[in-house]
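Peer 1: pasting the sequence and the predicted model now:
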Amino acid sequence: MKKIVKFLFFLERDFHLAILKPLIKHIYKFKLGEVHFYAPFSDKTNLAEKLMLEIQDIELPVHIINNPWAWKPDITFMADFSYQYVEDLGKIVNIGHGTICKGWFFSTNRISQRENCADLICVPGTIHKERLDIQVYKPIEVTGIPKLDNCFNGTLNKEELYRKFDLCPNIKTVLLAPTFNEEFSILTYLRDINTRDLFPKNINLIVKLHGVTNPEYWKEAFNWAYFADTYDTDELFFISDILITDVSSIIYEFISLGKPVLLFDSPKQKEYINYNENDLEWIYRDVGERFNDVSKIAEILEAIDCESYKHENQNNIASKFISVTDGSATEKVINAALKLLNDDYFDPVSIFNTTELGRNQFVPYRENGDTTELGTNKCVPYRIEKEEEYILFLHPDYELSPQFKNLMLNQIKNNNNVGLVAPLIFDDTLHLQQVNFRVKFEGNNDFSNLSLKLNYAFSGHCKDIDFVLPYCFLVRRDMLNIDFSDPLNTKICMYELIANVLKNKLRVVIAYDCLIRKKIS
């Protein structure tokens, strides 16, 4: 009998529903498995009502659960980087929620290494894969954006949408969709002025705010326009002739439809805390008409003929950012996720529990049975194979996050000069071996969250150390002078190991984003 696949959707924020909804409906429509929802920060009653409304054409029950670990999903879909909330919930598939960096996402900085906590990253375009490939060793698939599928698959009708939004079909329709950051947003320069004076009289204006912008003031400021009180954008994109925005992912989504954009260049742009001229939004910003004075909006709009407008860079850049424009993004994401369950993934790490014999000696051993504990996970003890590159030693007196192996491997894979990685140790205090380091945790945090909370602050960062306490560590296999074909030849001397690492001119490092603690008896 074929196993029923369990799909979990992690809805961290309300606007994630609009991003994940195409996947939800696809799974329901084709009866691919069971669907449950995990939304720890949402009002469950309101969320249930929203879910029923959003998937009203599919008559199936909506299950919102508080303890997804008890349900044991096979695949968890998410739309942000908060991996600490989904540890140990099956295969983690992150489809993200944007196309630009803002210093956090598709960055060439070390922060992108946190994406190695996912089992699969689905990205909108080839430019995103090229960037993440620098530091991410987990699978990356170029799938496009599921929420745009309806813009490409012929299911939308302009005449029906004009009636739905009560807009005049014979005049230009303009979509104003600003971002929320004060340093970037055009809204910073629209407050306390009469917005009606800034726009031509003979247009339809649709105002769509970012999901985290408080709408109350702007509903009044734009009471003469159509205010889109929704997180969905596909219908708004389809009906609009032109977009006005600032520094938003929506730029590259909209130009994938071959339509013109007006980009507001705020005088405060470079005041943004994560401003980096090498981020995507600055390198590829020249895709439309740019302006820095809101009083020019009417003049620019009136000069643009949407039917004939062409920007020399637009098509080429659009194809890099949204590389799937045939309406198949949803199907591509689902198929890539299901493939994770079918593939025999080759793990480059052999996992051993270790028993301490003396101050600097270990004997690797295998527990009886099919599995051994790795934090809250059950991990299959691997055979030592010639192809395996690393060995992870776990002392039985310590426990760790299920993401521990990913974060350790991240350090050694992204730095060819590292031969051995050791984690932070959490006792009554956090202490870094021979390094002064303290992290303040708020409240009584569940330990399963701790290592990923560290990962937020220090992703990709490590520190050279002179020695390693023999608790847990990850080492390059070629540093071990051990013939694993001989079951008696299992002694490891820490002094010899460190000497061998240093002799090969490799580094011994402590990983800021890994954490273990002594088991509580």
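Peer 2: Received it, and whenever you're ready, just let me know what you need.
Peer 1: nearest spatial neighbour of residue 290, chain-adjacent residues omitted?
Peer 2: Nearest in space to residue 290, with sequence neighbours left out and distances taken as C-beta to C-beta, 6 or more residues apart in numbering, is residue 263 at 4.9 Å. No exception for glycine: its C-beta is placed from N, CA and C like everyone else's.
Peer 1: which strand residues sit across from that neighbour in the sheet?
Peer 2: On the basis of DSSP bridges, residue 263 is bridged to residue 245, residue 290.
Peer 1: okay, now it: neighbour count?
Peer 2: 21 (other C-beta atoms under 10 Å).
Peer 1: my guess is it meets residue 246, correct?
Peer 2: Yes - the criterion here is C-beta atoms under 8 Å, and residue 263 meets it with residue 246 at 6.8 Å.
Peer 1: what bits of this protein have low per-residue confidence?
Peer 2: 1-2, 53, 55-60, 344-346, 352-387, 427-457, 481-493, 521 (pLDDT under 70).
Peer 1: mind checking the SS state of the closest residue in space to residue 508 that isn't next to it in sequence?
Peer 2: Excluding the flanking residues, the one nearest residue 508 by C-beta to C-beta, 6+ apart is residue 420, at 4.9 Å. Three-state assignment for residue 420 (DSSP: H, G, I helix; E, B strand; the rest coil): strand.
Peer 1: residues in contact with residue 420?
Peer 2: Residue 420 is in contact with 468, 473-476, 479, 497-498, 501, 506, 508-509, counting by C-beta atoms under 8 Å, 6 or more residues apart in numbering.
Peer 1: nearest to residue 25, of those residues?
Peer 2: residue 474 (41.4 Å; C-beta to C-beta).
Peer 1: can I take it that the closest one is in a strand?
Peer 2: Yes - residue state for residue 474 (three-state DSSP) corresponds to a strand.
Peer 1: what about the nearest residue to it once chain neighbours are set aside, how many residues nearby?
Peer 2: Leaving aside its sequence neighbours, residue 474 sits nearest to residue 408 (C-beta to C-beta, 6+ apart; 4.2 Å). A count of nearby residues for residue 408, using other C-beta under 10 Å, gives 24.
Peer 1: where along the stretch 201-350 of the chain do the helices fall?
Peer 2: Using DSSP state H, counting those that start in this stretch, the helices of the stretch 201-350 of the chain run over 216-221, 234-239, 250-255, 280-283, 297-303, 314-321, 329-342.
Peer 1: re the thing from before, ok, the contacts of residue 420 vs residue 86, which is closest?
Peer 2: Using C-beta to C-beta, these come closest to residue 86 at residue 474, 22.8 Å.
Peer 1: OK, contacts around the closest one?
Peer 2: Taking C-beta under 8 Å, 6+ apart, one finds 349, 390-393, 405, 408-409, 411-412, 420-421 in contact with residue 474.
Peer 1: same list (these) but as a markdown table, adding distance to residue 339 and secondary structure.
Peer 2: Output for those, formatted as a markdown table (distance: C-beta to C-beta, whole Å; DSSP: H, G, I helix; E, B strand; the rest coil):
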| residue | distance to residue 339 | secondary structure |
| --- | --- | --- |
| 349 | 21 | strand |
| 390 | 24 | strand |
| 391 | 28 | strand |
| 392 | 26 | strand |
| 393 | 31 | strand |
| 405 | 21 | helix |
| 408 | 26 | helix |
| 409 | 21 | helix |
| 411 | 27 | helix |
| 412 | 26 | helix |
| 420 | 33 | strand |
| 421 | 30 | strand |
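Peer 1: out of those, which are buried?
Peer 2: Among these, those buried by neighbour count (16 or more other C-beta atoms under 10 Å) are 349, 390-393, 405, 408-409, 411-412, 420-421.
Peer 1: make a markdown table out of those residues and add distance to residue 251.
Peer 2: Below are these laid out as a markdown table (distance: C-beta to C-beta, whole Å):
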| residue | distance to residue 251 |
| --- | --- |
| 349 | 40 |
| 390 | 41 |
| 391 | 46 |
| 392 | 43 |
| 393 | 48 |
| 405 | 38 |
| 408 | 38 |
| 409 | 35 |
| 411 | 35 |
| 412 | 37 |
| 420 | 44 |
| 421 | 39 |
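Peer 1: show me which of the residues you listed is closest to residue 42.
Peer 2: So of those, ranked by how close each gets to residue 42 (C-beta to C-beta), first place is residue 405, at 30.9 Å.
Peer 1: how about the residue nearest to residue 509 when sequence neighbours are not counted, phi and psi?
Peer 2: When the adjacent residues along the chain are set aside, residue 509 lies closest to residue 462, with 4.0 Å between them (C-beta to C-beta, 6+ apart). Here is the backbone geometry of residue 462 (degrees, to the nearest 10): phi -140, psi 170.
Peer 1: which residues touch residue 462?
Peer 2: Counted by C-beta under 8 Å, 6+ apart, residue 462 has contacts 411, 415, 418, 421, 509-512.
Peer 1: out of the helices of the stretch 201-350 of the chain, which gets nearest to residue 289?
Peer 2: Here helix 297-303 is closest among the helices of the stretch 201-350 of the chain (C-beta to C-beta), at 5.6 Å.
Peer 1: which residues are in contact with that closest one?
Peer 2: 172, 174, 198-200, 203, 242, 244, 262, 289, 291.
Peer 1: kindly report the same for stretch 132-142.
Peer 2: Outside stretch 132-142, the residues that reach it (C-beta under 8 Å, 6+ apart) are 106, 108, 110, 112-113, 115-116, 118-126, 128-129, 323-324, 332-333, 336, 340, 406, 409-410, 413-414, 460.
Peer 1: next, count neighbours for residue 251.
Peer 2: 27.
Peer 1: my error: substitute residue 272 in the last question.
Peer 2: 16.
Peer 1: any idea how far residue 193 is from the closest residue to residue 250 other than its chain neighbours?
Peer 2: In space, residue 250 comes closest to residue 177 once its chain neighbours are excluded; the distance is 4.9 Å by C-beta to C-beta, 6+ apart. Here residue 177 is placed at a distance of 19 Å from residue 193 (C-beta to C-beta, to the nearest Å).
Peer 1: residues in contact with residue 128?
Peer 2: 99, 106, 142, 321.
Peer 1: and of those, the nearest to residue 223?
Peer 2: Among the contacts of residue 128, and counting by C-beta to C-beta, the member closest to residue 223 is residue 99, at 31.1 Å.
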